[in-house]
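A.B. asks: here is my input, please return the structure:
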Amino acid sequence: MKVLFTDTCNMFESANPVANLVEVFNTSETIMKKLELSQVGVSRRGGSWREIMDDGNIKFNHLSKGKKSDYDSSDYDLEYKLISGNY
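C.D. replies: This is a model prediction of the structure:
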């Protein structure tokens with residue numbers, strides 16, 4: 001499954017968030033959300049797609065990085081909005 005992780009960088013990039021296109025294997029949105037919520041300091045600094053993968057021992061291929069506007073909805077199966085911190 002191809003997932004577009006979007007990160008508003010604590011709302012500084014909310015108009016056109018930073019995006020990482022990642023192919024993930026053997027996981028679901030529910031599992032990724034639970035892993036993200038368990039990250040230390042997530043409500044303060046925001047979530048990290050890489051920590052989700054590492055914490056869950058999830059196999060992945062990082063395909064590209066850019067801005068959300070660089071991608072069409074046909075490029076990915078799921079858009080996952082990372083938790084924005086409160087800085």
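A.B. asks: ok, which stretches of the protein are strands?
C.D. replies: All strands of the chain, identified by DSSP state E, fall at 2-7, 18-24, 60-67, 78-81.
A.B. asks: isn't N16 right up against K68?
C.D. replies: Yes. Checked against CB atoms under 8 Å, the pair N16 and K68 is within contact range at 5.7 Å. Any C-beta I mention is one placed from the backbone N, CA and C, and that applies to glycine too.
A.B. asks: between those two, which one's more packed in?
C.D. replies: Between N16 and K68, counted using other CB atoms under 10 Å, the more crowded position is K68 (17 against 13).
A.B. asks: residues touching that one, list them.
C.D. replies: With CB atoms under 8 Å, 6 or more residues apart in numbering as the criterion, the residues that contact K68 are L4, T6, N16, P17, V18, A19.
A.B. asks: just curious, which of the residues you listed is nearest to K59?
C.D. replies: In terms of CB to CB, no member of the contacts of K68 lies closer to K59 than L4, at 17.8 Å.
A.B. asks: what's the neighbour count on the closest residue to that closest one other than its chain neighbours?
C.D. replies: In space, and not counting its chain neighbours, L4 is closest to Y76: 4.1 Å by CB to CB, 6 or more residues apart in numbering. Taking other CB under 10 Å as the criterion, the count of residues near Y76 is 19.
A.B. asks: how close does Y76 get to V24?
C.D. replies: With distances defined as CB to CB, to the nearest Å, the gap from Y76 to V24 amounts to 11 Å.
A.B. asks: overlap in contacts, those two.
C.D. replies: Where contact means CB under 8 Å, 6+ apart, the residues bridging Y76 and V24 through contact with each are K2, V3.
A.B. asks: how near is K2 to C9?
C.D. replies: To C9, K2 is 22 Å away according to CB to CB.
A.B. asks: hang on, I meant K81
C.D. replies: K81 sits at a distance of 12 Å from C9 (criterion: CB to CB).
A.B. asks: mutual contacts of these two, please.
C.D. replies: In contact with both K81 and C9: P17, using CB under 8 Å, 6+ apart.
A.B. asks: much appreciated, bye for now.
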